[in-house]
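A.B. asks: Predicted model and sequence below, questions to follow.
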Amino acid sequence: MSKVKIKCTLKSKDTTHTYEGKGVLNNNTIIYNDSGVNTKIILSDIIWLKRKKDYEITLGFSNNKSVKGTYIMKEGKMITETDTIFLKKEKNSIKIKYNLKINKVLVDTFELNFKFTIDSI
């Protein structure tokens, strides 16, 4: 397990969310806490983003493919679908542009820029 420094920006049409902080890298999974939201990025053939607080959302990304996931909240469970428009995975960064649908309804187009470095401290 390694400690990592993270810089992440998620943009949609109307909003931009930025996170800069620390996390851990363990077996191709980066785990960090983004303002009280437990976040995991699993680096595999499909890149998975899981966020959990009083809800749980799981999104999958694979170049030029649609991947089904879930959005679970106290009111129930909905199916998510990400249509990956662009995905570039490098050694310490990921860039993804995708359309997010929930129950087959387009929510928005998002751009995720995620960078991490091994923390020497």
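C.D. replies: Happy to help now that I have it.
A.B. asks: OK, contacts around the residue nearest the centre of the chain?
C.D. replies: The residue at the geometric middle of the chain, judged as the C-alpha nearest the mean C-alpha position with Cα atoms, centre = their mean, is residue 49 (3.4 Å). Remark: with contacts taken as Cβ atoms under 8 Å, 6 or more residues apart in numbering, residue 49 is in contact with 39, 40, 41, 57, 58, 59, 60, 61, 112. Glycine gets a C-beta too; all of them are placed from N, C-alpha and C.
A.B. asks: what stretches of the chain score poorly on pLDDT?
C.D. replies: Within the chain, the stretches with pLDDT under 70 are 120-121.
A.B. asks: Strands of that one, residue ranges please.
C.D. replies: All strands of the chain, identified by DSSP state E, fall at 2-11, 16-26, 29-34, 37-42, 47-52, 56-61, 66-73, 76-90, 93-102, 105-118.
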